[in-house]
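*Asks:* Just a sequence and a predicted model for now, questions to come.
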Amino acid sequence: MENATKLVIALGGNALQSGKGPATAEAQLQVVKKTCEHIAEISCRGYEIAVVHGNGPQVGRILQAYETAKEVTPVMPFDVCGAMSQGYIGYHIQQGLKYALNLRNKNIPVVTLATQMIVDEADPAFQKPSKPIGQFYSEEEAKNLEKEKGYVMKEDAGRGWRRVVPSPLPKKIVEIDAVKKLWDSTVVITCGGGGIPVIENDTGLLEGVAAVIDKDFAAELLAEQVKADCLMILTEVEKVAINFNTPRQENLSQMTLEDASKYIEEGQFAPGSMLPKVQAAMKFVRANPSKKAIITSLDKSLEALEGKTGTIITFA
């Protein structure tokens, strides 16, 4: 669509799965259908969109299924599990979004692109794996896995031991040219789970690695590459807050880069939660001073695009 606003939407976990319902494919599809009502409405308002989603619980369950059944079927490498999660989550979003668009008489293709993301083998994250995935183990089981598989295992808040993998920064979207070619005619679901993490070896070939890329940083890189007008990061809260969950909580309608930097220095945003969302929004605005990023909740997404709510991050 000529002169349409280009928008990259990053979906948080609550947009894919309810914390209250069972962790089944059927339950996920029902949540995704509701999510897609909002995305379809945005599309019908004249926005050209691409969708990026997380895969935290899903990739962990895929891996757990393989590890549980290891006596009868080989355990798949972690990058392959990530690719599987891209496929089935993308499939659900395709189903839900196509249905929602059809209800609104908007006939536009929706496709999922298996997307690889190049990361730097020298990224410091590889020396400090921090992202917990999969099931809980006893200390004895964890020690055995470290010996047998070379996994890095860490105790997780008194609940048991879990495997942890690195979370490197995304450097290059391998399939970006395909995304650009599809953009004008298609809603593309891409960089799912942050992308399938790969490194370039000495011969220039790509090799999958065991890692999880933050989907907000992946969405930011995508937004830069397609020259999006806005990066929208959807999460569980309507606005970013400082002094969160205290009597002094203050919800923010707007943040400049200077404001955001100050709040980060103060430790206002939790690592692994709001911090990467704010950092990704800052990165996009820093690279595109005339554009903006928005952090808000799924059900307030349209109002936030209209400037009525959400937290808008601007250069100054």
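*Replies:* Perfect, I can see it now.
*Asks:* And the contacts of the helix or strand where residue 52 lies?
*Replies:* Using DSSP states H and E, the secondary-structure element containing residue 52 is strand 47-53. Contacts of strand 47-53 from elsewhere in the structure, counted by Cβ atoms under 8 Å, 6 or more residues apart in numbering, are 1, 4-11, 15-16, 39, 42-43, 89-90, 93, 97, 179, 183-184, 187-193, 215, 218-219, 222, 226, 228, 305. C-beta: built from backbone N, CA, C; applies to glycine.
*Asks:* Among those residues, name the buried ones.
*Replies:* By the neighbour-count criterion of 16 or more other Cβ atoms under 10 Å, the contacts of strand 47-53 include these buried positions: 6-11, 15-16, 39, 42-43, 89-90, 93, 97, 179, 183, 187-193, 215, 218-219, 222, 226, 228, 305.
*Asks:* Inside strands: which ones of those?
*Replies:* Cross-referencing the buried ones among the contacts of strand 47-53 against strands under DSSP state E gives 6-11, 187-189.
*Asks:* can you redo the residues you listed as CSV with distance to residue 245 and pLDDT?
*Replies:* Shown next, in CSV, are these (distance: Cβ to Cβ, whole Å; pLDDT from 0 to 100):
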residue, distance to residue 245, pLDDT
6, 35, 97
7, 30, 98
8, 29, 98
9, 26, 98
10, 23, 97
11, 24, 95
187, 36, 97
188, 36, 98
189, 33, 98
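*Asks:* Between the residues you listed, which sits nearest residue 264?
*Replies:* Minimum distance to residue 264 across those is 19.0 Å, recorded for residue 10 (Cβ to Cβ).
*Asks:* could I get stretch 127-136 in PDB with only the CA atoms?
*Replies:* Extracted as PDB, the C-alpha positions of stretch 127-136 are listed here (Å, rounded to 0.1, in the frame of the first residue of the first chain):
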ATOM      1  CA  GLN A 127      30.800 -17.400  28.000                       C
ATOM      2  CA  LYS A 128      27.900 -16.700  30.500                       C
ATOM      3  CA  PRO A 129      24.900 -18.800  29.600                       C
ATOM      4  CA  SER A 130      21.900 -17.300  31.400                       C
ATOM      5  CA  LYS A 131      18.600 -18.300  29.700                       C
ATOM      6  CA  PRO A 132      16.900 -21.200  31.500                       C
ATOM      7  CA  ILE A 133      15.100 -23.700  29.300                       C
ATOM      8  CA  GLY A 134      13.300 -27.000  29.600                       C
ATOM      9  CA  GLN A 135      12.500 -29.100  32.600                       C
ATOM     10  CA  PHE A 136      13.800 -29.100  36.200                       C
END
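*Asks:* Touching it from outside, list them.
*Replies:* 56, 59-60, 63-64, 67, 78, 152, 154, 156, 159-167, 211-212.
*Asks:* Please apply the same query to stretch 100-108.
*Replies:* The contact list for stretch 100-108, computed with Cβ under 8 Å, 6+ apart, reads 33, 36-37, 39-41, 43-44, 110, 185-187.
*Asks:* before we move on, what about stretch 249-266?
*Replies:* 238-243, 269, 275, 278-279, 281-282, 285-286, 309-316.
*Asks:* Just the ones of the contacts of stretch 127-136 in strands?
*Replies:* Taking DSSP E, the ones among these that sit in strands are 152, 154, 161-165.
*Asks:* Mind giving me the ChimeraX select for those residues, buried ones only?
*Replies:* Applied in ChimeraX, the following selects the buried portion of those according to 16+ other Cβ under 10 Å:
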select :152,161,162,163,164,165
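*Asks:* possible to save the ones in strands among the contacts of stretch 127-136 as JSON lines with pLDDT and distance to residue 200?
*Replies:* Below are the ones in strands among the contacts of stretch 127-136 laid out as JSON lines (pLDDT from 0 to 100; distance: Cβ to Cβ, whole Å):
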{"residue": "152", "pLDDT": "92", "distance to residue 200": "23"}
{"residue": "154", "pLDDT": "91", "distance to residue 200": "29"}
{"residue": "161", "pLDDT": "91", "distance to residue 200": "33"}
{"residue": "162", "pLDDT": "89", "distance to residue 200": "29"}
{"residue": "163", "pLDDT": "87", "distance to residue 200": "25"}
{"residue": "164", "pLDDT": "90", "distance to residue 200": "24"}
{"residue": "165", "pLDDT": "91", "distance to residue 200": "19"}
